[in-house]
Each structure stands twice: as structure tokens, then as C-alpha cells.
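Novice: Got a sequence here, can you model it:
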Amino acid sequence: MSSNDKIIDKIKNLLSLAEDGNNDEESQTALLMAQKLMLKYKISQNDVNEHGEQKIIVKSLSVYKRLYWWEKILVRIIAENFRVMFYIQSNRLPHQTSIQRKIVLMGYPEDVELAYEVYHLASQAMRYHASQHLKDLTDKKSNQRNDSNQIRRAYYQGFMDGLDQKFIDQRAEMQAENDEFALMMLTPQDVQDAFQKEVKGSLSFKIPESNKESLSYSEGYSKGTSISLTNKYLDTSNQEKK
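Specialist: Take a look at the predicted model:
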């Protein structure tokens, strides 16, 4: 089993724990743990990378479908923090009345696989906590007049903004710990070159407007930034107890 497989297994184990117990901390911690482990393993594998040029692959995050606005924001956050590029492919079959799209990741195999897992983990955590937020508002008989779609959008935006800030903070902390992390955080130049050569067009979309003063945005932002990092999540022995 490669070191990357071990990272992915740890993430999946944490996700299983979070799903079994609906534990906010464990599902959130898995996201930052993935980045921290990735960077540490990258440094330890430098000698392997020197033996030759690595293969660059692409992998779709889904089948062709209608993309939601938050998917395009979330994949940008993950791509910026897990050494991959992304683009959007469009397609319309003869029997279809509308264009279908999918998001595609590009990068080294181990980076693409890790980014894929973390993206889906983040989306599941975000949707779960947004649903819990809506349930809490209903249980409290909230007087908010916003409909459920507006509340969910605000929560999603807050969650992603909070998660993005948490990644930024962790990257700064790790760079302060070891200057070499600064280089390992960057998407490899040959991946960037391949992206520029093979991918054409622009990635533009309109983000739904959200009231950043709303309770739902604040709750989402708080959840996105409430990831606690403790050594027990980085200890293999703790993961093996699942």
C-alpha cells in the first residue's frame, strides 16, 4: 500500500466515524488532516520523484449533469490546497434538451485521488451540517422569513468561506514550521503547463448572492472554521481502532 493510499484510508475511516456518530469535529478534522498528511508525505517522497517524470492524469468528479453553483467554488478550494488543476467539460447528447457538465481534476495520480476523496468528503460534511442547521431552525420555530433554499445557500457559502480560511491558516502554520512546505504546497509546474496546453476556454459562473450578515451564513462560516486539529487524528494507532 502506498503512502497516498494510507492517507486516503485514514480519511475514509474518519468519514465512516463521522457518518456513524454524526460527529461534527471528526468529519471536519478529516479535511485538514488530509492536507497536513499529504504535505508531510510529499516531503518524505522527494527521492521517488527524482527518478523520472511523473504521469499526469485526469479524473471526473461526477457524470455529466447539471452543476450546482457551490460545486464550482468548492473544487477551487480543494484544487488550490491539494496540488491539482480543474476544468469543466460540457456535453449534450442528441436526445437531451440542455447541456450537461462535469468537473474534471488534472494532476499527478496520487494528488488527483486525494483531491477527489477530500472534495467528496467536504461536500458531504457541508450538506449534512446545512441540513442540521435547517432542522435546528425548524425545531426552534425560527421567525426567519428566508425560504429553505436561501438559508441553505447562505450556509453553504459561509461553510466554504470558513473552510477556505482554515486551509489558509494551516498552510501558514505549516510553512512557519518548515520552509520546504511552501514549495510542496504549489501545484507542480508541469501540471500547470499541461493544463495551459490542453485546456481551453474560461471557467466563469455567477455566485448566488448571500447575505453575509445572516444567521445561516454565520453558522456556516463558524462550522467551516471550527475544525480542531489534535495529534490523535494524526496517530495511525488511533485510526486502526475503528
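Novice: Summarise which helices and strands whichever strand or helix holds residue 132 is packed against.
Specialist: Using DSSP states H and E, residue 132 falls within helix 109-139. Helix 109-139 sits against helix 3-21, helix 24-44, strand 57-60, helix 69-81, strand 100-107, helix 148-177, helix 215-225, with contacts defined as 3 or more Cβ pairs under 8 Å, 6 or more residues apart in numbering; DSSP states H and E. (Each C-beta comes from the backbone N, C-alpha and C, glycine too.)
Novice: residues of that helix that come out buried?
Specialist: 110-123, 125-126, 129-130, 133-134, 137 (16 or more other Cβ atoms under 10 Å).
Novice: I'd like the helices and strands packed on helix 109-139 laid out as JSON lines, including mean neighbour count.
Specialist: Output for those, formatted as JSON lines (neighbours: other Cβ atoms under 10 Å):
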{"stretch": "helix 3-21", "mean neighbour count": "17"}
{"stretch": "helix 24-44", "mean neighbour count": "20"}
{"stretch": "strand 57-60", "mean neighbour count": "15"}
{"stretch": "helix 69-81", "mean neighbour count": "20"}
{"stretch": "strand 100-107", "mean neighbour count": "20"}
{"stretch": "helix 148-177", "mean neighbour count": "19"}
{"stretch": "helix 215-225", "mean neighbour count": "21"}
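Novice: Need the ones you listed in JSON lines (columns: mean pLDDT).
Specialist: Listed next are the helices and strands packed on helix 109-139 as JSON lines, based on pLDDT from 0 to 100:
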{"stretch": "helix 3-21", "mean pLDDT": "61"}
{"stretch": "helix 24-44", "mean pLDDT": "70"}
{"stretch": "strand 57-60", "mean pLDDT": "95"}
{"stretch": "helix 69-81", "mean pLDDT": "94"}
{"stretch": "strand 100-107", "mean pLDDT": "93"}
{"stretch": "helix 148-177", "mean pLDDT": "89"}
{"stretch": "helix 215-225", "mean pLDDT": "82"}
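Novice: So what's the residue count around residue 98?
Specialist: The burial count assigned to residue 98 is 7, neighbours taken as other Cβ atoms under 10 Å.
Novice: residue contacts, it?
Specialist: Taking Cβ atoms under 8 Å, 6 or more residues apart in numbering as the criterion, residue 98 is in contact with 66, 92.
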